[in-house]
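1. Everything below, folded, please.
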Amino acid sequence: QLAMICQLDKQGQLRKKGENQLTMSTLYHRSIKNTFNQFLIRTGYADKTSSEDVLDELQDSDTLLQMQKAIEELAYNNMINDTIFFSEKILLNAIRSSDPAADVLLRVERSKNISTKFGLLRSTHDNEEYYFIHHTFQEYFAAGAIARILKEESIDSERYQSIKKIILYHRYNPRLQVMW
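-> The predicted structure is shown next:
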């Protein structure tokens, strides 16, 4: 967390004008936005002067929402299964579930971009498995998945009830405190 704070402060993005408090959620949101800006610059999709404009355009697009949903699903499934590492197959399944109409090659390309360029995921030395750069990012995205599921699903749905049980079971788990 110290590295995130230092990076955001260096780029003048840690605190907004007139802002008195900085919550953990805000810190992670700004750090992820900063990571995505760096991704846009590294991939040549934007330069340093236009990355914020491109990000604002993408913010309302399906591309960013699909990418976020895929990462949230990965994080949520890892939390449920109490795992850290996942295969490319699981990564592709998360992308497929977030965008069922996507072409297979597009999904593969997205998986490579997410894992190697986006900065939130890393691959093992043999590129066989992937993992989040830090468990708190996994928890942050898992919390996003939980919030989305609770918002979108009906109270009677199986997934909603499953989330309810997870919250009751894990609410005092110190490993998951970032989520609550």
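2. just the strands in the protein please.
-> Per DSSP state E, the chain has strands spanning 86-87, 121-123, 129-132. These are given in chain order.
3. Just checking: what are the partner strands of the first one?
-> So that's strand 86-87. Note on strand 86-87: by DSSP bridges, its sheet partners are strand 129-132 (antiparallel).
4. Show me which positions of the strand it pairs with end up buried.
-> For strand 129-132, the neighbour count (16 or more other CB atoms under 10 Å) marks 129-132 as buried. Any C-beta I mention is one placed from the backbone N, CA and C, and that applies to glycine too.
5. pretty sure residue 142 contacts residue 73?
-> No. Between residue 142 and residue 73 there is no contact under CB atoms under 8 Å: 9.3 Å.
6. give the contact list for residue 74.
-> Going by CB atoms under 8 Å, 6 or more residues apart in numbering, residue 74 touches 86, 90-91, 94, 121, 141.
7. out of those residues, who's nearest residue 14?
-> Proximity of the contacts of residue 74 to residue 14 (CB to CB) peaks at residue 141, which lies at 21.2 Å.
8. Look up the closest residue to the closest one, ignoring the ones flanking it.
-> residue 75 (3.6 Å; CB to CB, 6 or more residues apart in numbering).
9. Does that neighbour touch residue 142 like I think?
-> Yes. Between residue 75 and residue 142 a contact is recorded at 4.1 Å, counting by CB under 8 Å.
10. From residue 139, how far out is residue 162?
-> Separation of residue 162 from residue 139 (CB to CB, to the nearest Å): 18 Å.
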